[in-house]
Structures are given as C-alpha cells and as structure tokens.
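1. return a 3D structure for these sequence lines:
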Amino acid sequence: MSSTGRVIQGLIILSALLGILFLVQVYGVLPQNAFVFVFVGWVMYVIDSVMTFVRPTVSFYFGFVLAAITLSSSLPQSAHYSFIMSGQLLPSTTFLLGTLAQLLILVLVPYYALKGRRRV
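-> Residues are numbered from 1 along each chain as shown. This next block holds a predicted model:
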C-alpha cells in the first residue's frame, strides 16, 4: 500500500476512534433516536476501519462517502460551534479533529484514485 493509502487508512481508523469519544459526549445530550443514528454511523466507521486491512481500495471509497455524509450532517449544526465559542476543550477538540480527518479523506481519496490510474 502506498504512503497515501496508509494516511487514508489512518484517518479512517482515527475517525472510528474519535467516534467513541463523540458517542460518550453525546449520550446524555441527544434524544434516543438521534443517538441511535449517530451510533449506526459509528458502526459504519468501525466496519470501514476493518475493511482497510482486507479491501483497502473499497474501504477508501466507502470512507469517502462516510466522510461526505458526516460533514454534511455535522457542519450545519450550530451546537458544534457553540462548544468552540464557549471554550469547552474536549468537545471542541473532538469536533475539530473529526472535521479535519473528514476533510483530509475527501481530498486524499480522489488523489489516491487519480494517482493509481496514472500507474496503469
């Protein structure tokens, strides 16, 4: 696997690990149906993390889709920004690291795919 592939793999695994922290933080805050939705999303990241070792290319594309869904659902939430404005360190760090990981996945997966096409 190329170095870009290793970085993508690490970002997907990081997303799953940050998901644990996020689940702990929102457990008592979110309504049950919203928490279940977030939990299912985290399970998808765990599955994707395992897939990075078995079928990396498929996993990277799946991670790309998950990153797009995650960002489209989290960036519009004003509550996420209120954590930053209020100076709450743990929720702010979780949000910022997760957002950065998702953005990097959205940039690196197309780069990885284009780089792979040039070799053939």
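
2. list the contacts of residue 63.
-> 8, 11, 12, 15, 48, 52, 105, 109 (Cβ atoms under 8 Å, 6 or more residues apart in numbering). Where you see a C-beta, it was placed from the backbone N, CA and C, and this is true even at glycine.

3. correction: the previous question concerned residue 68.
-> residue 106 are the contacts of residue 68 under Cβ under 8 Å, 6+ apart.

4. now residue 30, nearest residue through space, not along the chain?
-> Spatial nearest neighbour of residue 30, chain neighbours left out: residue 38 (6.7 Å); criterion: Cβ to Cβ, 6 or more residues apart in numbering.

5. that neighbour touches residue 24, doesn't it?
-> No: if you go by Cβ atoms under 8 Å, residue 38 and residue 24 don't touch, sitting 11.4 Å apart.

6. more neighbours: those two, which one.
-> residue 38 (18 against 11; other Cβ atoms under 10 Å).

7. of the contacts of residue 63, which is the nearest to residue 80?
-> Closest approach between the contacts of residue 63 and residue 80, by Cβ to Cβ: residue 15, at 15.7 Å.

8. now residue 16: which helix or strand?
-> Element membership for residue 16 (DSSP states H and E) is helix 3-26.
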